[in-house]
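Q: What would the 3D arrangement of this be:
(one chain, ligands or ions: 2)
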Amino acid sequence: MKKGKKLYEGKAKIIYATTDKDLVIQYFKDDATAFNNQKKTIIEGKGVLNNRISEHILSNLSQIGIKNHLVKRLNMREQIIKLVEIIPIEFVVRNVATGSIIKRLGIEDGTVLKEPLIEYCLKDDELGDPIISEEHILAFDWASKEEIDEVKKMILRINDFMIGMFRGVGIKLIDFKLEFGRYKANGKSEVILADEISPDTCRLWDSITDKKLDKDRFRKDLGELIPAYTEVAKRLGILHEQSNVSAVNVTKLSSVKKNRK
Ligand code: TMP
Ligand code: ASP
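A: Numbers count the residues shown, from 1 in each chain. Ligands and ions are numbered 1, 2, ... in the order given. Coordinates of the predicted model:
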């Protein structure tokens, strides 16, 4: 399979065509953006870490029967993924209230939610991804009732799985964002998870110290983003060989190791 022309460039990824019409290549950039692109920079090595972390989580999700777009990781920055028609909704899942919801609703930061809360945002950068209700999704045909119900079931399974996976390595899954798409195969269309899952799209706090191990390090100018993402990768057992981290600053990696209690 050969890499073809660029089909789409987003804030953190680029999608290229391939010689297989059903598959595309997803390239992870080092660009970091926040607050709908108002704040941006380049953080060397971020794309490499997100590629590895997302591959790890999506392959684990496949193993428990959650269909997703990952076919295989190609190299340090690229994956082959299934081409889908993306559902234009960002599904935000919250276990603990922080981030936009505490400002929007005046909730105390860190409030543990009784049940996972799913919020819907319209995927439209120009409008600033406004929050919407299920009724809006149905009224404007962004997805059908059956699709929303299917997505909700998948989200709750993904959340349960990820809470357990992260808990096992001393990390609390605070919230995350997911996107889904319609994949057409053999004349049938099915809804699959079609998004990266990484510290760019999740909030991850150390279970004991509440240290932020995610993109809030950039959003809130806390610094040390690469050591935090590396810490997540290492705890998940992804980075153990030196060769795996050649694109990441190795001196920073070793300082993370020393600081770990
Ligand atoms: P929020 O608190 O800013 O609404 O973010 C909730 C979660 O969704 C958090 O884990 C970050 C993630 N997220 C994205 O991945 N992309 C986005 O565009 C936004 C707004 C949030
Ligand atoms: N991803 C969004 C942006 O690039 C928002 C965020 O993650 O904070 O602006």
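
Q: shaky segments in this protein?
A: Filtered on pLDDT under 70, the chain yields the residue ranges 241-261.

Q: hmm, the longest strand along it touching ligand 2?
A: The longest strand of the chain (DSSP state E) is strand 111-122. No - using CB under 6 Å from any ligand atom, we find that strand 111-122 stays clear of ligand 2, coming within 10.1 Å at best. The C-beta positions use only the backbone N, C-alpha and C, and glycine is treated the same way.

Q: export that strand as PDB, just CAs?
A: Provided in PDB are the C-alpha atoms of strand 111-122 (Å, rounded to 0.1, in the frame of the first residue of the first chain):
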ATOM      1  CA  THR A 111     -16.300  17.000  42.200                       C
ATOM      2  CA  VAL A 112     -16.600  13.300  41.600                       C
ATOM      3  CA  LEU A 113     -19.700  12.500  39.500                       C
ATOM      4  CA  LYS A 114     -22.200   9.800  40.700                       C
ATOM      5  CA  GLU A 115     -22.400   8.400  37.100                       C
ATOM      6  CA  PRO A 116     -20.300   9.100  34.000                       C
ATOM      7  CA  LEU A 117     -21.700  12.200  32.300                       C
ATOM      8  CA  ILE A 118     -21.900  12.400  28.500                       C
ATOM      9  CA  GLU A 119     -21.900  15.800  26.900                       C
ATOM     10  CA  TYR A 120     -22.300  16.500  23.200                       C
ATOM     11  CA  CYS A 121     -20.500  19.300  21.300                       C
ATOM     12  CA  LEU A 122     -21.000  20.200  17.700                       C
END
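
Q: Can you give the strand pairings for that strand, parallel or anti for each?
A: Strand pairing for strand 111-122, determined by DSSP bridges: strand 89-97 (antiparallel), strand 131-132 (antiparallel).

Q: Would the last one count as contacting ligand 2?
A: Looking back up the chat, that one is strand 131-132. No - Strand 131-132 lies apart from ligand 2 when judged by CB under 6 Å from any ligand atom; the minimum separation is 13.3 Å.

Q: tell me which parts of the chain are close to ligand 1?
A: Contact residues (CB under 6 Å from any ligand atom) of the chain with ligand 1: Val92, Gly99, Ser100, Ile101, Asp129, Asp175, Phe176, Lys177, Thr201, Cys202, Arg203.

Q: List the contacts of whatever residue of the chain ends up closest to ligand 1.
A: Using CB to the nearest ligand atom, the single residue of the chain nearest to ligand 1 is Gly99, 2.3 Å away. If you count contacts by CB atoms under 8 Å, 6 or more residues apart in numbering, Gly99 has them with Asp175, Arg203, Asp216.

Q: partners of Thr18 in the sheet?
A: Lys3.
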